[in-house]
Every structure is written in C-alpha cells, then in structure tokens.
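> Here is a sequence with its predicted model. Questions after.
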Amino acid sequence: MPTIEYFYSAHSAYAYLGHPRLLDICAKYDCQLIHRPMNLSPVIRAAADDQPGKRSQKIRDYFFGRELERWSELRGLDMVPFRPTFHDAPLDLSNGLLIAAVQAKANVDALAFALFQAHWRDDIDLSDPAALTAAAAQVDIDAAPLLEVAMSDDIQTIHAQNTEMAIAKGVPGSPAYFLDGDLYYGQDHLDILERAIVQSFGPSRFYKPET
C-alpha cells in the first residue's frame, strides 16, 4: 500500500484546490494518507527562497490572484476574490481540530475539505469555534468533542512536531506531499505524484529525499 504524508495548513488555498484530486488518487491506488497539519508561517520562514513578504506585489497578485482564479476554474471549486477576510487569523485551533480528528479516527479527509471550503468559499474565520462547528456539521462530524481537546498540550505538541518535521524535510509551503520520502510540492504536482505511484522516477543526482 503506497503511503503519502500530507503537510498542509487549514487555511491553504492550494491544499483546498488539490484536495479532491488527492483523495481520488488515494482511492484509486489504495493509498494510506497521513495528515500532518502544520503551522505554515515558520515553515515558509525556514524556506529562505520562499518568503511571501519579500515578493513584489505583482508576483503576489499573480500567484495568489491569477493562478488561484485559473486553478479554481479548472478544478470547479468556488473561491472568494484574492483572500478571505480572516486569512491571517491564528491556525492553532483549526489545525488542532484536524489533528484531534486524526487521533479520534474521525473522517479527517472530509473534515479537511470542509474547513478549506468554508474558509475559501464561505469566508469563515478559522479561529472561531462556532464557524468550525458549522463547517464540520456539513460533513456530519460533531466538532464539539474534537474542539474540547484541539488546544490541549497533547494535540498542540503534535502540531508543533508536524511543523518541525516539515522544516526538517525542507517543505517549501502548503500543500506538500511525500511518497517514499520524496517531496512533491504543490497541488499542480499531483499528476506527477500519481505517475510516481504507478512507476517510480529514477534517482535524482541533485536532491536527496528525507526518509
């Protein structure tokens, strides 16, 4: 059974756009999908060549504007213009909710998409427990017991560990997928990930995957 490690944050636009395609791949090839919600800001800061604050406005308008418009149309997923109102809200609670769902063996595949879509289509605040509860209810998940533990030391320790692991593995941003330790960054690389499941690529002369 192929195993895919899935690093993302609850507010990630490109994780939202790629999530249905990722689930289709996992279903088609009977993959085990390991969710690793992470705190995105320190991961991006650690990637010295990928710091949004240092990009020109034109580049940001392209990558987080025009590209999102194209991909949302291609994937058939609605999005608010440019960025949600509460996009800079803390992610500890929403990422913690997802980690709590993993620990409780709830349907985290569905819950992750519900949070992505509620944020990017419906403009919810991912730090608002009531908004998270409503989003979870859309996929028949009772968020109450998960929210009770989402900010606990145990769950937030896993959150920190996921973040540290992403940095150690050289994750550039969200989403990032690892297959056999090999990194595939961005939902636009899901076709390449699928090809790797079917037929492995040859070894790299330049890049050594984390194991």
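Sure thing, it's come through.
> Now S127: closest residue in space that isn't a chain neighbour?
A89 (4.1 Å; C-beta to C-beta, 6 or more residues apart in numbering). Just so you know, the C-beta spots here come from the backbone N, C-alpha and C atoms, and that holds for glycine as well.
> Same check on P90?
S127 (5.2 Å).
> Could you measure from the residue nearest to S127 over to P42?
As judged by C-beta to C-beta, to the nearest Å, A89 and P42 stand 16 Å apart.
> Which of these two has more residues huddled nearby?
Neighbours were tallied for A89 and for P42 using other C-beta atoms under 10 Å; the higher tally belongs to A89 (17 against 14).
> Just give the nearest non-adjacent residue to D30, would you?
Using C-beta to C-beta, 6+ apart, the closest residue to D30 is M1 (5.7 Å).
> and the residue nearest to P90, how many neighbours does it have?
Neighbours of S127 (other C-beta under 10 Å): 17.
> From D92, how far off is it?
From S127 over to D92 (counting by C-beta to C-beta), the distance is 8 Å.
> what about the helices in this protein?
Under the criterion DSSP state H, the chain contains helices at 13-29, 40-46, 57-61, 67-75, 92-103, 108-120, 129-137, 144-150, 153-168, 190-198.
> the inter-axis angle of the fourth one versus helix 13-29?
Going back to what we said before, that points to helix 67-75. 30 degrees (axes from the mean of the first three to the mean of the last three C-alpha atoms, to 10 degrees).
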